[in-house]
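J.: sharing a sequence plus its predicted fold:
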Amino acid sequence: MRFLRIALTVVILGFIASAVYISALVYQRQQALESVGLGNVTWMVAQAPSEFARLQHRVSALGLNDGKVTPDEVRLRFDIVVNRIKTLRSQSVEKFVQSDPRIAQILNDVEAALNRARPLLDQLWDPNVPPQIIDILEPVYPKLVRLSTDANVWNVGRIDADRQGLITLQWAFTYVALGMIACGCALIALLVIHNGLLGRAYRVLEENERDLETQNARFDAALEAMSLGLCLLDAQHRLIVSNPRFLEIFRLDHASAAPGTSIFDLIGDELLADGLGDASPTTGGSDIALLNNRIHRLPDGTVLMVSREPMAEGGWVCTFEDVTERHRAQSRVVHMAHHDTLTGMPNRLLFWENIAQAVRGLLTRNERFAVLYLDLDRFKEVNDTLGHPIGDALLRQVAERLRETASPRDIVARLGGDEFALLHYGGEDSIDNSQALAQRLIDSIERPYSIEGNEIVISTSVGIALAPTDGTDTDQLMKNADLALYSAKADGAGTFRFFSPQMEKALQNRRHLETDLRRGIKLGQFELYYQPLVRLDTGLIVAGEALMRWTHPDHGMISPGEFIPLAEETGAIETLGEWALQRACLDALGWPEDVRVSVNLSPVQFRKPGLVDIVKAVLATSELNPRRLELEITESVLLQNNAVNLEALHQLRALGLTIALDDFGTGYSSLSYLQRFPFDKLKIDQSFVRELESRPDSLSIVQSIATLGRNLRMVTTAEGVETKAQLDIIAGANCTEAQGYYFGRPMPEAQFRVLLQRQVSDDNWTALAGGLGGGMQSVTGP
Amino acid sequence: MIAKRVLTSVLLLAGALIVAPAFAQDVPAVTITSPSGSVTFDRDQLEAMGLVSIKTHTPWNEGLIDFEGVPLATLLEKADATGKTVTVIALNDYSVDIPTSDFAEFGTILAVKRNGDYMPVDDQGPFFVIYPFDSDPVLQGQPYYGRAVWQVKQITVQ
């Protein structure tokens, strides 16, 4: 293209040069032609001989003196000749004269002759004069003729030269014309090429335009199909372009949203307000901030996420996303994160936040409040026996009652499982109010429930922590309320307790006890005591129930009622239980063959697999006849994890040992248990035996159980027999065995062994006589 | 009236010619003939008609020459001669035809004086047809150089 331009310029310059040159040639030719026209030298010269001849003739005629010619006429002719010679001296003939020195010589000769003749002109009247003049003029004439001939020759030569010049010019003209034709051809060629290039450029342009059109069509399609509402605004917030979704969201038509319309005429200005990004949430603090950042709620309920980004060339790109569904889902998630799905109550997280809020209110407005911590007593049993759906229904009803009982301002939350909590604003009389509320709650919960035909009675315990007395931060208040609850439960179901610093102390003690317990196992601070079981028909001791005793180095003897639950909670029971089993089996080896050993198994021991293996291993190492081992379980083993535990019991029984159900008659004592597992023995709870004398129904129960046992071929053991009267009744009720202080308190193994030896050596010895080894009864009971 | 007086003059002149040869005359003259008759003006009469100056170069003189003379248009008017062409005849009987349109177009004069002096016969006199050659390049060449007749003795109007 650049080359082409240069070439074009060169060709055009060539044209101009040619044109200038041709002009110059034409001018030159004009000049040449001019000189041809000028050169009438021949004529000028040719007249001289004739004029001269006429002078000669006049002079001759005068000489004849015939009167026809006057001297004046001679003088006139002379003057004419003189004028002619002068003319030949003039510039018009100059070139010719200068062409040959001979010509100048001729002119000189002519002039000389004329000058010689001139004086004679005044004496023309003298007849001698004319002949003289003729003599003078005579030789001049041939010279003039010669001059004429020379002029002719010179003129012909000049014409020839002029013609030659013209021919040269003609050629030059021809060449230049040819050059111009060549330039013209080159110009045409260049123009053709140029046109070709232009054509190509045009095609490229066309192609680009088509591409652009395609691109535009694609963009349009993309805009149409977009699920986002989109509009482009100029710097003055006037609409440049918008898509159908935008119109749909704001319920606009094409006409009203024509390009150039101010966006604020179409949608609310708050939608595009500056600083939109950090706008405060539009709804409560429970919403997730991310969602609210650019969220706007339209009057029709649509929730939009708006984005406004500046464009590089000024103006804005705005997008509007309909996030109504997402927002709803998100809100639901937020609600779910803060609420308990079962009861719809605030959950632990939200309750924690509420307490934190209450703490802030306490600090700023000195507003007192109380935290009440509740859980249901023995709820687990309901769940286990009646099933989860019933349990859940119960929880819902409990929640309902809690809400009804609490004041509207109080916040009731379910913390999980059967744990509930209340945030109660008690005002100045916080203690009294809280106490009253706790009692109302307990009373309310204790009213019987009727769920799917089941009448359920359940109680609750409440722990109360007061702010600011019992703490001024959330964790502390919750912990203290929990401690108070623990304390309340320890004091029995259906009670409430305020937190007191002693509770914390008690907790610490418990922790120390835990440590001591573990150390105690290692250091052998535990030992087994045995309490005799007496067969009523023979009066002989048939078995000894192993009972754990712990002698603490600092605190002395510690009650099993204190350390067994602790061991169960901490899991130490596993080690302790295994030790007890081992010890008992080894101890029994030293007893008579017909005396069995009875060992209690904690429900906790069933939680971990491997109990059967442990028992098997203990039997194997001790080589005790399995028939001599009896394991006592409580019904809670059957309540929890039913199938697995049942399987374990079957496996244990398959080892050849016997299984006894302890504390029968309390708790649920569902008869279905007896159906589910073939127990070898039922141990009737001591509470029935103790009340035998005062409550007639206790006897009936004992009798019924004894009859039941006999019919099911199970041994029945009455526990807690303390008097002869109780023994008689038991015996009358046809129980198989009895156990209790009447026969002997739990005693060290050595003592128990002595007792057995006495029984073997003394044939008439019978435990039924009571008061076995009275001196040994000082040992602390179970 | 004018024609009658001219005629008288011509007759007088003719008489004078008879008495003394024309050549002996001190004042040169020019004769203008036309179908309507012939009239001769001597140099004094010509001068009386009012002289016009043309300053120009000629091929036959050196330098810029100041010619003074009677415009030929005026002369023909004075002679009461009209026609398309005039034939100018010189003393040596050289003659040339000039279209009368030249006179109006170029202001051609019949020069009487050259640089303030009368011109003798031996030097382009007594009368010289002069075009203003310098004023127009068209005039600088033939046929105008040919029409510039010197030693004019007679003008015939056709």
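T.: Looks like it came in fine. Predicted model only: the values in this text are computed from it and were never measured.

J.: run through the chain and note the low-pLDDT ranges.
T.: You didn't pick a chain, so chain A it is. Chain A contains residues with pLDDT under 70 at A:32-39, A:273-294, A:640-641, A:769-782.

J.: wrong one, I was asking about chain B
T.: B:1-25.

J.: using CSV, write out every CA atom in stretch B:34-51.
T.: The C-alpha coordinates for stretch B:34-51 follow below in CSV (Å, rounded to 0.1, in the frame of the first residue of the first chain):
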residue,chain,number,x,y,z
SER,B,34,-11.7,56.2,-52.8
PRO,B,35,-14.7,55.5,-55.1
SER,B,36,-16.0,58.8,-54.0
GLY,B,37,-13.0,60.6,-55.3
SER,B,38,-9.4,61.5,-54.4
VAL,B,39,-8.0,63.9,-51.9
THR,B,40,-4.4,64.8,-51.0
PHE,B,41,-3.3,66.1,-47.6
ASP,B,42,0.1,67.7,-47.1
ARG,B,43,2.0,67.2,-43.9
ASP,B,44,0.7,70.5,-42.4
GLN,B,45,-2.8,69.5,-43.0
LEU,B,46,-2.2,66.1,-41.5
GLU,B,47,-0.6,67.8,-38.4
ALA,B,48,-3.7,70.0,-38.2
MET,B,49,-5.8,67.0,-37.9
GLY,B,50,-4.2,66.4,-34.5
LEU,B,51,-1.3,64.0,-33.9
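
J.: show me the contacts for residue 60.
T.: I'll assume chain A. By Cβ atoms under 8 Å, 6 or more residues apart in numbering or on different chains, the contact set of A:Ser60 is A:Pro130, A:Ile134. From N, CA and C alone the C-beta is placed, and that goes for glycine too.

J.: switch to chain B, that's the one I care about
T.: Contacts of B:Trp60 by Cβ under 8 Å, 6+ apart are A:Thr87, A:Ser90, A:Gln91, A:Ser92, B:Gln124, B:Trp150.

J.: please redo it, this time with the cut-off set to 7 Å
T.: By Cβ atoms under 7 Å, 6 or more residues apart in numbering or on different chains, B:Trp60 lies in contact with A:Thr87, A:Ser90, A:Ser92.

J.: what does chain B put close to chain A?
T.: B:21, B:23-24, B:59-62, B:91-92, B:120-124, B:141-142, B:151 (Cβ under 7 Å from any Cβ of the partner chain).

J.: which ones among the contacts of B:Trp60 map onto helices?
T.: A:Thr87 (DSSP state H).

J.: make CSV out of the contacts of B:Trp60 and add distance to chain B.
T.: What follows is these, written out as CSV (distance: Cβ to the nearest Cβ, whole Å):
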residue, distance to chain B
A:Thr87, 6
A:Ser90, 4
A:Ser92, 4
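
J.: domain map for chain A?
T.: Split into domains by automatic domain parsing, chain A comes to A:2-183, A:229-331, A:339-499, A:511-768.

J.: tabulate these in a markdown table, adding columns for distance to B:Leu76.
T.: Formatted as a markdown table, the domains of chain A follow (distance: least, Cβ to Cβ, whole Å):
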| stretch | distance to B:Leu76 |
| --- | --- |
| domain A:2-183 | 26 |
| domain A:229-331 | 88 |
| domain A:339-499 | 136 |
| domain A:511-768 | 160 |
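
J.: for B:Arg43, which of the ones you listed is the nearest?
T.: Ranking these by proximity to B:Arg43 (Cβ to Cβ) places domain A:2-183 first, at 15.9 Å.

J.: ends of that closest one, what's the gap?
T.: Using Cα to Cα, to the nearest Å, the end-to-end distance of domain A:2-183 comes out at 19 Å.

J.: can you pull out the strands in the stretch 251-400 of chain A?
T.: A:295-297, A:303-310, A:316-322, A:369-377 (DSSP state E, counting those that start in this stretch).

J.: could I get those as a markdown table with mean neighbour count and distance to chain B?
T.: A markdown table is the format used below for the strands of the stretch 251-400 of chain A (neighbours: other Cβ atoms under 10 Å in any protein chain shown; distance: least, Cβ to the nearest Cβ, whole Å):
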| stretch | mean neighbour count | distance to chain B |
| --- | --- | --- |
| strand A:295-297 | 18 | 94 |
| strand A:303-310 | 17 | 78 |
| strand A:316-322 | 19 | 79 |
| strand A:369-377 | 25 | 128 |
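
J.: dump the ones you listed into JSON lines; add distance to A:Leu692 as well.
T.: Formatted as JSON lines, the strands of the stretch 251-400 of chain A follow (distance: least, Cβ to Cβ, whole Å):
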{"stretch": "strand A:295-297", "distance to A:Leu692": "74"}
{"stretch": "strand A:303-310", "distance to A:Leu692": "73"}
{"stretch": "strand A:316-322", "distance to A:Leu692": "78"}
{"stretch": "strand A:369-377", "distance to A:Leu692": "28"}
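
J.: weed out the non-buried ones from the residues of chain B next to chain A.
T.: B:Pro59, B:Trp60, B:Asn61, B:Leu91, B:Asn92, B:Val121, B:Asp122, B:Asp123, B:Gln124, B:Gly141, B:Gln151 (16 or more other Cβ atoms under 10 Å in any protein chain shown).

J.: okay if I get those as CSV plus secondary structure?
T.: Below are these laid out as CSV (DSSP: H, G, I helix; E, B strand; the rest coil):
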residue, secondary structure
B:Pro59, coil
B:Trp60, coil
B:Asn61, coil
B:Leu91, coil
B:Asn92, coil
B:Val121, helix
B:Asp122, helix
B:Asp123, helix
B:Gln124, coil
B:Gly141, coil
B:Gln151, coil
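
J.: my read: A:Asn65 touches A:Trp125, true?
T.: No. The pair A:Asn65 and A:Trp125 fails to qualify as a contact (Cβ atoms under 7 Å) at a distance of 9.9 Å.

J.: which residues of chain B fall in strands?
T.: Remark: strands assigned in chain B by DSSP state E are B:29-34, B:37-42, B:52-56, B:65-71, B:85-90, B:95-99, B:109-114, B:117-118, B:128-130, B:152-157.

J.: quick one on the thing from earlier: looking at the strands of the stretch 251-400 of chain A, which is nearest to A:Asn108?
T.: Once those are compared by Cβ to Cβ, strand A:303-310 is nearest, at 108.4 Å.
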